[in-house]
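S.K.: would you be able to build a 3D model of this:
(3 chains)
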Amino acid sequence: MARQYTLHRGASATTPQIDYAAELNPQQHAAVTAAPGPALVIAGAGSGKTRTLTYRVAYLVENGISPQNILLLTFTNKAAREMLDRVAALIPHDLTGLWGGTFHSVGNRILRRHPVEAGFAPGFSIMDREDAEDLLDTVVATLGVDPKDKRFPKAGVIGDVLSFALNTSRKIDDVLVEKYPHFLEFSPQIGEARVRYEIKKRETNALDFDDLLEKSLRLLHENEPVRDRYQRQFQFILVDEYQDTNHIQGDFIDILGARHSNVMVVGDDAQSIYSWRGADFRNILEFPKRYPQARTYKIETNYRSVPEVLAVANAAIAANVRQFRKELIAARESNEFKPALVPLGDSGQQAQFVAQRVLELHEEGVDLDEIAVLYRAHFHSMEIQMEFTRRGIPFQITSGLRFFEQAHIKDVASFLKYVVNPRDEVAFKRMVRLLPGVGPRAAEILWADASKLPDESSFTALIDFKVPSKSRKSWGQLAHTLDEMAPKRQPVRPSEMLRSVVEAVYDDYAKANFPNYEQRREDLQTLVNFSRQYQSAAEFLDQLALLTNLEHESVASRGETELVTLTSVHQAKGLEWKIVFVIWMADGKFPSVRSLESDESVEEERRLFYVAVTRAKDELYLTYPQMHLGSGYGEMLQRPSRFLSEVPKALVEEWEVGCRW
DNA sequence: TACGTGGCGCTTTTT
DNA sequence: GCGCCACGTA
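M.R.: This next block holds a predicted model:
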């Protein structure tokens, strides 16, 4: 055992500026000022979880901990940025040394510093889900399975299986048995696909999202100097949304915190809603077991919702067996509005009800931005969208493709990816397939030659390749453009590269292929603007891969008009509105049909319902259609959601909606 | 082999 | 409403 030696704060440390006791409630204060050592903070919905974390960081820094010795882990970039901004607003200290970001970005940061130790070359690519699927496709093609065999899983499904197995530390076969029993017969091929996929990733010098976690964890496990370095560096580790961590993330935290053991995890087991992508909320439930010295702090005062809403929330979650018992206590006063339970004839009426009520509320002075319609699955919103459009209610919908995942963005980015990492097979193929007359087959052949180009040779060497006569001309153009993007293989600035691609190649392609060319061109301009803040293409591409959203720009470009929000409950987590409608509160919709198979998944749906309810500040409407026009079966009776029957009748007011045309 | 067209079916999503 | 897939044609 090494000798323990503690550094004490010198006289130069500044005296704390923040009056913690005054600015925080007693429960928050206890967590923020906790003594070093492992700590579990159970923070209920709307209880100031983010506030607690940001004050904790400020507290550490004010008490002389250097920012570079702090690691703050979140799930989304938005959360990371928000917290760091808030810390910066609290204290005057320079926080640039602080490591704050998503698990993936921190993993990436470590791997970028030690790529070779991790088995990759500097400048590796990051593959998003689609890229990974493309690469898996090429791997599956080498497996010798009959391409006409419809029973064999698609690359996307194989990717899901491998990812789920990895993130839950389980065997492929166990995952197959549980989630994909019909693919069990292909277990050997799927296992082989994994082996070849791993090899392929090293060949193409590309990592998928899972690798950013798994390869960095592996590096920490296997490489003592690297492990030692980061264990020493991160004296204090803080983790947000701990209930949504998976095994790998749990291990990642444990290994980094092993030396100092100052791991503070914050979360709410009642809001764990991501088990289907590998999150295991046993991480949070069993934290006290893994860290026997851990102290637990509960923050239960809710500042968001009126007591009427919280009563429903508390009742809703009570039916769950596996949880830390806790009760949200309202800080706000009653508003005399009991959450409304609204049965409706069918989904059309449901849409009419929501629309009409939205208009009424708006007339009463409620800002449309303060209203949200939540649902279990995106397609549940179809009728609402149509009804809102019919009545001229402006709305924004959070769904579909993210900015950076759109085809035209990824097309253009593939040029940069190839230039930065010429071993990137996926990027190369995507790029050349944009040329007329080049499909999957031709791309394959071209790659066979291109992958043999020596590292130092100029991209103009591509000109001599054999290409279909149809693409002769554009091929020369492509080679020339690549050379312009990286003369002598030295990449120019990313904004310059993008300009070259768009002007020389992509604009023509977009004009010819996209009916909404104008919109796409605007997006590309946005991308160019975004890229200006980066000096190096590699850095820019990292952001492109890890960011997936352009929050600021997209919000600003939509203008200042008020909009009602339509969103899935999952995407609503962490947000709040004055008025919340939860629609399709019917068994088979919410909870979803597929969740009804097991108690565990129903519990997760119940947590999801809890998340939905706790988004409401003032008024909550729970609506459901009693009749559903089923596909092919004619009209079907729909049962109200079982979650509704778990809420005592006295806590809600049932509305009887009649029709008068 | 590339590419356009019509039909179908649909958890949830971050990186 | 949109993406994916299968199929047919050049």
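S.K.: you'd agree residue A:245 is up against residue A:282?
M.R.: No. Using C-beta atoms under 8 Å, residue A:245 is not in contact with residue A:282, being 10.1 Å away. All C-beta atoms are positioned from the backbone trio N, CA, C, and that covers glycine.
S.K.: neighbour-wise, which of the two wins?
M.R.: Each of residue A:245 and residue A:282 has its neighbours counted (other C-beta atoms under 10 Å); residue A:245 has more, 28 against 17.
S.K.: what sits against the more buried one?
M.R.: A:103, A:239, A:253, A:279, A:280, A:283, A:284 (C-beta atoms under 8 Å, 6 or more residues apart in numbering).
S.K.: so it versus DNA strand C, what's the distance?
M.R.: 28 Å (C-beta to the nearest atom of the strand, to the nearest Å).
S.K.: now residue A:295
M.R.: As judged by C-beta to the nearest atom of the strand, residue A:295 and DNA strand C stand 47 Å apart.
S.K.: count the neighbours of that residue for me.
M.R.: 16.
S.K.: returning to that earlier point: among the contacts of residue A:245, which lie within strands?
M.R.: residue A:239 (DSSP state E).
S.K.: so how many other residues sit close to residue A:81?
M.R.: 15.
S.K.: does it lie in a helix or a strand, and which?
M.R.: For residue A:81, the host element (DSSP states H and E) is helix A:77-90.
S.K.: residue A:182 versus residue A:150, what's the distance?
M.R.: Applying C-beta to C-beta, to the nearest Å, the value for residue A:150 to residue A:182 is 12 Å.
S.K.: likewise residue A:345?
M.R.: The gap separating residue A:345 from residue A:182 is 38 Å, by C-beta to C-beta.
S.K.: ok, now residue A:645?
M.R.: Distance from residue A:645 to residue A:182, by C-beta to C-beta: 34 Å.
S.K.: ok, these two, which is more surrounded?
M.R.: Neighbours around residue A:645 and residue A:182, counted as other C-beta under 10 Å, are more numerous at residue A:645. The numbers are 12 against 9.
S.K.: returning to that earlier point: want to throw the contacts of residue A:245 into a markdown table with distance to DNA strand B?
M.R.: Supplementary listing: those in a markdown table, determined by distance: C-beta to the nearest atom of the strand, whole Å:
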| residue | distance to DNA strand B |
| --- | --- |
| A:103 | 7 |
| A:239 | 14 |
| A:253 | 16 |
| A:279 | 9 |
| A:280 | 14 |
| A:283 | 15 |
| A:284 | 17 |
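S.K.: ok, so of the contacts of residue A:245, who is nearest residue A:204?
M.R.: Distance to residue A:204, by C-beta to C-beta, is smallest for residue A:103 among these, at 23.4 Å.
S.K.: buried sites along stretch A:447-457?
M.R.: Neighbour-count burial for stretch A:447-457 flags A:447, A:450 (criterion: 16 or more other C-beta atoms under 10 Å).
S.K.: what about that stretch, how long is it end to end?
M.R.: Stretch A:447-457 has an end-to-end distance of 16 Å (criterion: C-alpha to C-alpha, to the nearest Å).
S.K.: quick one: residues in contact with it.
M.R.: A:422, A:423, A:425, A:428, A:429, A:432, A:461, A:462, A:465, A:489.
S.K.: so which of those are in helices?
M.R.: A:425, A:428, A:429, A:432 (DSSP state H).
S.K.: will you turn those residues into a markdown table that also has distance to residue A:652?
M.R.: Converted to a markdown table, those look like this (distance: C-beta to C-beta, whole Å):
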| residue | distance to residue A:652 |
| --- | --- |
| A:425 | 57 |
| A:428 | 58 |
| A:429 | 56 |
| A:432 | 59 |
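S.K.: could I have the buried ones of these as ChimeraX selection syntax?
M.R.: Here is the ChimeraX selection string for the buried members of the ones in helices among the contacts of stretch A:447-457, based on 16+ other C-beta under 10 Å:
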select /A:425,428,429,432
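S.K.: for residue A:217, which non-adjacent residue is spatially closest?
M.R.: Setting aside the residues directly before and after it, residue A:217 is nearest to residue A:252 in space (C-beta to C-beta, 6 or more residues apart in numbering), at 5.0 Å.
S.K.: make sure the one you found is actually in contact with residue A:110.
M.R.: No. Judged on C-beta under 8 Å, residue A:252 makes no contact with residue A:110 at a distance of 9.8 Å.
S.K.: which residues are common contacts for these two?
M.R.: A:216, A:220.
S.K.: quick check: the residue of the stretch 251-400 of chain A nearest DNA strand C.
M.R.: residue A:379 (5.7 Å; C-beta to the nearest atom of the strand).
S.K.: phi and psi next, for that residue.
M.R.: Residue A:379 adopts backbone torsions of phi -70, psi -10, taken as degrees, to the nearest 10.
S.K.: look up how far residue A:513 lies from it.
M.R.: 27 Å.
S.K.: show me what contacts residue A:209?
M.R.: By C-beta under 8 Å, 6+ apart, the neighbours of residue A:209 are A:104, A:126, A:127, A:128, A:129, A:132.
S.K.: mind checking how far it is from residue A:297?
M.R.: Residue A:209 is 32 Å from residue A:297, by C-beta to C-beta.
S.K.: was I right about residue A:226 contacting residue A:217?
M.R.: No. Counting by C-beta under 8 Å, residue A:226 does not reach residue A:217; the two are 11.4 Å apart.
S.K.: of the two, which one has the most company?
M.R.: The neighbour comparison of residue A:226 against residue A:217 (other C-beta under 10 Å) goes to residue A:217, with 21 against 18.
S.K.: now name the helix or strand holding that one.
M.R.: Residue A:217 belongs to helix A:209-222, assigned by DSSP H and E.
S.K.: partners of the helix or strand where residue A:622 lies, with directions?
M.R.: In the assignment (DSSP H and E), residue A:622 maps to strand A:616-625. As defined by DSSP bridges, the strand partners of strand A:616-625 come to strand A:340-344 (parallel), strand A:577-582 (parallel).
S.K.: dump those strands to JSON lines, plus distance to residue A:194.
M.R.: Formatted as JSON lines, the strands paired with strand A:616-625 follow (distance: least, C-beta to C-beta, whole Å):
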{"stretch": "strand A:340-344", "distance to residue A:194": "48"}
{"stretch": "strand A:577-582", "distance to residue A:194": "40"}
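S.K.: so what secondary structure elements neighbour the very next helix or strand once past the helix holding residue A:217?
M.R.: Next along the chain after helix A:209-222, taking DSSP H and E as the criterion, comes helix A:224-233. For helix A:224-233, the packing partners by 3 or more C-beta pairs under 8 Å, 6 or more residues apart in numbering; DSSP states H and E come out as helix A:209-222, helix A:247-257.
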